[in-house]
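K.L.:
what follows is a predicted protein model with its sequence.
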Amino acid sequence: MKKKMGRDEGHSFNRWDIFSILISFLALTLFFIIPPPSGLSHNGWLMIGILVMAIILWITTPIPIAVTGLLIMVMQPLLGIEAAEDVFHSFGNQAVFFLIGVFILAAAIEKHGLHRRIALKFLSMFEKSPRMFTFGIMISSAFLSFIMPTHGVAALLLPIVASILVAMKAIPKQSNFGKVSMLAVAYGCSIGSLGTPIGGARNVLTIGILANEGIKISFFEWMKYSMPVVFIAIPTVWVILQVVFPLEVEDISEAKKEIEEQVGRMGGISRNEIIVSAILSVTVLLWVFFSSPKYMGLAVISLIGSMLLFFTGSISWEDVEKRVPWGIILLYGGAITLGVGMNDTGAGAWIANAMLDVAGNNVYLVILFLIMLTVILTNVMSNVGAVATLLPIGLGVAAGFSNISPLLSSMVVALSGGLAFMFVISTPGNAIAYSSGYFSTRDLMKAGSIVNLACIAIIFAIAVIYWRGVLGI
């Protein structure tokens, strides 16, 4: 899988890895040597060089993407662009601590199997027909992605859905029911991850960068902007899958029987599951009603919820060490310092102006161009990396257009960054679902290209109709 967070112990670099590293540093060296173009400072030019270096490393991944995040932080003071104190101050953004709290909550949900019980409960509600069952898989994936990382959701649902397909004797790569079921897992995770700040690190990254611009977004405000996209995209994508891969299955009695057996094996709900459910419910309610800056804020509530898990004995620090992806936090910290550096040096605005020269003064064309550029990048590199790359450019676009706010351009980039549907490497959810063997890379490309076009249209329509209306632009 291309989007790895780390390497196995003892792994040695191959020729391609060494070549990628050399090319990335050569690119940065060229930016250091070549004079900046008119209208851009030398520091701004170097920040673009760091951006190019990061893109090469994020796409080719010769080193873990988290290490690339650290490299971004190191290069800024090393090249004299930003003082080390300012760079690390950006890393200490409260959104980092929000992310830590979220990962601890997700670890507790996973430890006690609460997510599995929720998934089986959802699937049992869609047993009437094969089409509704695949819709239930997508709904389950999306809902769980509201409250935990998508790779965890995909890893949970894969064995559940696979056992059902085995019970129904669905033949890998031949059964359209098998293809749609597994693609529903991958695509449901991606779409659901747009819905809440918890859904993906790119959401938290966006909130953090906007906070540095003086724009505070609460949990509920994020949902107000993102949920219309989720509500429209899920049934749209589901219909596309039904058309691209017409189902050959008519009877799903075996699926119903398998779900009932799995629910029976879980037994009654445990004390720890009840405690974790209660803490999660309280935390979400606090996020919805008290996450605005004038109250506690997202990070404080997130940490309160995670600490309650320790006080109730629902989780231990050993559990946290095993389940929390610390590399994502380092990647996030590096990405946010990249955005701040691009903005402070004027590099983001300069790239945005160059883009505006191509797109002209047509605000709709600029928004569409920003969506399409993000979708292209997010399909070939880390979602967080793609969003980190384009958020400063989006802020520059907002500076160049009086009728595009920083919030609108940032939401365009953040949500478009979740539309990675075409390749196995595009997102961990795709890779995990692909590992089931029920669909081919060609199937993924076939469905994903249509789904991408549909979701581009959805986000564009939401941006120019709903978001601009809500923001009063």
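P.N.:
Good, I have the coordinates.
K.L.:
all helices of the stretch 101-250 of the chain, in order?
P.N.:
For the stretch 101-250 of the chain, the helices defined by DSSP state H, counting those that start in this stretch occupy 114-124, 130-147, 150-167, 176-192, 201-212, 219-244.
K.L.:
correct me, but Lys179 touches Tyr438?
P.N.:
Yes - assessed by C-beta atoms under 8 Å, Lys179 is found in contact with Tyr438 at 5.8 Å. Where you see a C-beta, it was placed from the backbone N, CA and C, and this is true even at glycine.
K.L.:
joint contacts of the two?
P.N.:
Taking C-beta atoms under 8 Å, 6 or more residues apart in numbering as the contact rule, Lys179 and Tyr438 both touch Lys173.
K.L.:
show me where the stretch 251-400 of the chain has helices.
P.N.:
Along the stretch 251-400 of the chain, the segments classed as helices by DSSP H, counting those that start in this stretch run 253-266, 271-290, 298-311, 317-323, 326-344, 347-359, 363-380, 383-400.
K.L.:
before we move on, back to that, dump the helices of the stretch 101-250 of the chain into TSV; add mean pLDDT and mean neighbour count as well.
P.N.:
Supplementary listing: the helices of the stretch 101-250 of the chain in TSV, determined by pLDDT from 0 to 100; neighbours: other C-beta atoms under 10 Å:
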stretch	mean pLDDT	mean neighbour count
helix 114-124	72	19
helix 130-147	87	24
helix 150-167	77	21
helix 176-192	92	29
helix 201-212	83	26
helix 219-244	93	19
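K.L.:
can I get these in TSV with distance to Gly267?
P.N.:
Converted to TSV, the helices of the stretch 101-250 of the chain look like this (distance: least, C-beta to C-beta, whole Å):
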stretch	distance to Gly267
helix 114-124	10
helix 130-147	20
helix 150-167	16
helix 176-192	25
helix 201-212	34
helix 219-244	31
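K.L.:
surely Met75 touches Phe31?
P.N.:
No - counting by C-beta under 8 Å, Met75 does not reach Phe31; the two are 11.0 Å apart.
K.L.:
of those two, which one has the most company?
P.N.:
The neighbour count for Met75 versus Phe31, taken as other C-beta atoms under 10 Å, is higher for Met75 (24 against 19).
K.L.:
what helix or strand does the more buried one sit in?
P.N.:
helix 65-78 (DSSP states H and E).
K.L.:
relative to helix 201-212, how tilted is the helix or strand just after that helix?
P.N.:
Once helix 65-78 ends, the next helix or strand along the chain (criterion: DSSP H and E) is helix 84-91. With axes from the mean of the first three to the mean of the last three C-alpha atoms, to 10 degrees defining the directions, helix 84-91 sits at 120 degrees from helix 201-212.
K.L.:
next one: Val324 from Gln242, what distance?
P.N.:
Counting by C-beta to C-beta, to the nearest Å, the separation of Val324 from Gln242 is 38 Å.
K.L.:
same deal with Gly327?
P.N.:
In terms of C-beta to C-beta, Gly327 sits 37 Å off from Gln242.
K.L.:
try Val180
P.N.:
In terms of C-beta to C-beta, Val180 sits 7 Å off from Gln242.
K.L.:
now for these two: what residues contact both?
P.N.:
Thr134.
K.L.:
for Val363, list the residues it contacts.
P.N.:
Phe401, Asn403, Ile404 are the contacts of Val363 under C-beta under 8 Å, 6+ apart.
K.L.:
out of those, who has the most neighbours?
P.N.:
Within these, neighbour counts (other C-beta under 10 Å) peak at Ile404, which reaches 22 neighbours.
K.L.:
what about that residue, distance to Thr345?
P.N.:
21 Å.
K.L.:
ok, now Leu194?
P.N.:
Going from Leu194 to Thr345 by C-beta to C-beta gives 30 Å.
K.L.:
look at the two and report which has more neighbours.
P.N.:
Leu194 (30 against 23).
K.L.:
does that one really touch Phe231, like I thought?
P.N.:
No - using C-beta under 8 Å, Leu194 is not in contact with Phe231; the gap is 10.6 Å.
K.L.:
what about stretch 18-26, average pLDDT?
P.N.:
Mean pLDDT, stretch 18-26: 92.
K.L.:
next one: stretch 279-294
P.N.:
Averaged across stretch 279-294, the pLDDT comes to 77.
K.L.:
not counting its neighbours along the chain, what's nearest Asp225?
P.N.:
Small correction: residue 225 is Tyr, not Asp. Met411 (5.3 Å; C-beta to C-beta, 6 or more residues apart in numbering).
K.L.:
run a quick neighbour tally on the one you found.
P.N.:
26.
K.L.:
that one: which element?
P.N.:
Assigned by DSSP H and E, Met411 belongs to helix 406-416.
K.L.:
please name every helix or strand in contact with that helix.
P.N.:
Under the contact criterion of 3 or more C-beta pairs under 8 Å, 6 or more residues apart in numbering; DSSP states H and E, helix 406-416 touches helix 201-212, helix 219-244, helix 363-380, helix 383-400, helix 441-461.
K.L.:
angle of the first one against helix 298-311?
P.N.:
Yep, that's helix 201-212 we're talking about. If you take the same axes, to 10 degrees, helix 201-212 sits at 130 degrees to helix 298-311.
K.L.:
gap between helix 201-212 and the chain center?
P.N.:
Centroid separation for helix 201-212 versus its chain: 12 Å, with C-alpha atoms, centre = their mean, to the nearest Å.
K.L.:
over to the second one?
P.N.:
Its chain's C-alpha centre lies 15 Å from the corresponding centre of helix 219-244 when counted by C-alpha atoms, centre = their mean.
K.L.:
packing partners for it?
P.N.:
helix 130-147, helix 176-192, helix 271-290, helix 406-416, helix 441-461.
K.L.:
save those as JSON lines, and put in distance to Gly305 too.
P.N.:
Shown next, in JSON lines, are the helices and strands packed on helix 219-244 (distance: least, C-beta to C-beta, whole Å):
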{"stretch": "helix 130-147", "distance to Gly305": "11"}
{"stretch": "helix 176-192", "distance to Gly305": "20"}
{"stretch": "helix 271-290", "distance to Gly305": "3"}
{"stretch": "helix 406-416", "distance to Gly305": "23"}
{"stretch": "helix 441-461", "distance to Gly305": "30"}
